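**Student:** sequence first, predicted model second:
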Amino acid sequence: MQRYFLPPEQFQPSMNTVTIEGDDAHHLQRVMRADLGDKVICSNGVDREVLVRIMELDKTRVTAEIVEELPMNAESAVQVWIAQSLPKGDKMELIIQKGTEIGAARFLPFLSERTIVQYDAKKEAKRSERWQKIAKEAAEQAHRNRVPLIESVYSWKQLLARAKEADVAWICYEKEDGQQLKPVIQEALAAGKLGQGKQVLIAVGPEGGFTEQEIKQAEEAGFRSVSLGARILRTETAAMVGLTCLFYETGEMGG
Ligand code: SAM
């Protein structure tokens, strides 16, 4: 069933209705060809998800009555933040889309020494708006209860500072020959660091990888360097592998 994330102000509790507006209203009428009486799911993206029945249709706004409060159980217990060194081209869109489907809670794009793409502040606002739209659409398709937040681009130093705010911070490093992902996850599980509301930060380098100096700085800041196995993954693959392995071990992939 089609679902939409609506800003809280589009829920009218006093009238037991919601209004679907803008692009969502257009999509519902033009693409989904919805009619009076049809039902869709609306979420405020925080703590409320409802089944609604369409009562009124006009070009830019659809009014629907709330017919049922729905359970919100599609989010993972542990909050995983993906920190991704800006990749070339539109790979970031793929990372956001797939990471959202799998269940990432937040994305932190950042710049590191070998980041190839030139950061352009002017383009930043437009790009960030596009990325957030991709996250919203992927979350709707995945029937999630929340839309992951795409943060603005971090400097390397800003990213390092986030490590101490997380319960667990891993930096994916293909030259790491000691700490393999599975035992590192199991150790964090045993230490109770992957439970409800805990926060994991997973950092992935750009196409050219991290420098040894960056890995050293990251470890000093509280990151743990982990290997994702013997094969070299593309930058757009690595976060998905780390996220999926973590969720598999914590039982979030149907465990
Ligand atoms: N240095 C790599 C090479 O020799 O081709 C390039 C980096 S790799 C394409 C991009 C990023 O994915 C890395 O910075 C790392 O974060 C992650 N990554 C790829 N394979 C990995 C592995 N086997 N273990 C841990 N991280 C990996």
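**Tutor:** Yep, that arrived.

**Student:** who's in contact with V184?
**Tutor:** V184 sits next to W170, R224, V226 when contact means C-beta atoms under 8 Å, 6 or more residues apart in numbering. All C-beta atoms are positioned from the backbone trio N, CA, C, and that covers glycine.

**Student:** in stretch 226-244, which residues are buried?
**Tutor:** 226-228, 233, 235-244 (16 or more other C-beta atoms under 10 Å).

**Student:** now stretch 110-119
**Tutor:** Neighbour counts over stretch 110-119 (16+ other C-beta under 10 Å) mark F110, L111, S112, T115, V117 as buried.

**Student:** least confident pick among those residues?
**Tutor:** On pLDDT alone, V117 ranks lowest of those, at 83.

**Student:** looking from the ligand, tell me which residue of the stretch 151-255 of the chain is nearest.
**Tutor:** Residue of the stretch 151-255 of the chain nearest the ligand, by C-beta to the nearest ligand atom: G205 (2.3 Å).

**Student:** which residues sit against the host helix or strand of A238?
**Tutor:** If you go by DSSP states H and E, A238 is part of helix 235-249. With C-beta under 8 Å, 6+ apart as the contact definition, helix 235-249 has outside contacts at 76, 78, 80, 82, 84-85, 87, 91, 94-95, 98-99, 102-104, 170, 172, 181-182, 185-186, 189, 194, 200, 202, 204-207, 226, 228-229, 233, 253, 255.

**Student:** what subset of the residues you listed is buried?
**Tutor:** Of the contacts of helix 235-249, these count as buried by 16+ other C-beta under 10 Å: 76, 78, 80, 82, 84-85, 87, 91, 95, 98-99, 102-104, 170, 172, 181, 185, 189, 194, 200, 202, 204-207, 226, 228, 233.
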